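Visitor: Give the three-dimensional model of this entry:
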Amino acid sequence: MDTTSPAASPSYRQVQESDDFKDLRRRFRGFVFPCTIFFLVWYFAYVILAAYFPAIMAIPVFANINLGLVLGLLQFVTTFGITIAYVRWADRVFDPRAEAIRDRINGGSPLAADDKDDLR
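Guide: Got it, this is the predicted structure:
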């Protein structure tokens, strides 16, 4: 059970309006939005090329492998690359800041297993 009184714990609104939380949200958006925009542009460029420029996609690259196949496989590589980049960034930048905010809210200690049940 949480030993801090409800009056001592900040409300969600107070946490959301804190400078630390705003910075956390700004950093998150600063990473996620550009990655999302990049991937969507890259994905739709592939679809547009496949739909409207089949001659370009049919350009042979090696033996029976054409440009369309290479670009299609690069979609998977891009997905994995973005995922790996996000996990590394989150481990290094996002998670430590989120944990610091959580610890400050909880009075300097992470939630115990019993306390997590109270949040459900």
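Visitor: how much space between the residue in the chain sticking out farthest from the centre and residue 30?
Guide: The C-alpha centroid of the chain is most remote from residue 63, which lies 38.1 Å away (Cα atoms, centre = their mean). Taking Cβ to Cβ, to the nearest Å as the criterion, residue 63 is separated from residue 30 by 43 Å. Any C-beta I mention is one placed from the backbone N, CA and C, and that applies to glycine too.
Visitor: and if you look at residue 36?
Guide: According to Cβ to Cβ, residue 36 and residue 30 sit 12 Å apart.
Visitor: quick one, strands of the chain?
Guide: Along the chain, counting by DSSP state E, strands occupy 60-62, 65-66.
Visitor: so can I have a markdown table of those strands showing distance to residue 103, mean neighbour count and mean pLDDT?
Guide: Listed next are the strands of the chain as a markdown table, based on distance: least, Cβ to Cβ, whole Å; neighbours: other Cβ atoms under 10 Å; pLDDT from 0 to 100:
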| stretch | distance to residue 103 | mean neighbour count | mean pLDDT |
| --- | --- | --- | --- |
| strand 60-62 | 52 | 10 | 93 |
| strand 65-66 | 52 | 14 | 94 |
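Visitor: The ones you listed into TSV, with extra columns for distance to residue 74?
Guide: As requested, the strands of the chain are exported to TSV (distance: least, Cβ to Cβ, whole Å):
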stretch	distance to residue 74
strand 60-62	12
strand 65-66	12
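Visitor: which helix in the protein runs the most residues?
Guide: The longest helix of the chain (DSSP state H) is helix 19-52.
Visitor: From the chain's centroid, how far away is that helix?
Guide: Mean-position distance between helix 19-52 and its chain equals 10 Å (Cα atoms, centre = their mean, to the nearest Å).
Visitor: Can you tell me which of the strands of the chain is nearest to residue 26?
Guide: Residue 26 lies closest to strand 60-62 among those, at 41.7 Å (Cβ to Cβ).
Visitor: Can you tell me the strand partners of that closest one and which way each runs?
Guide: Using DSSP bridges, strand 60-62 pairs in its sheet with strand 65-66 (antiparallel).
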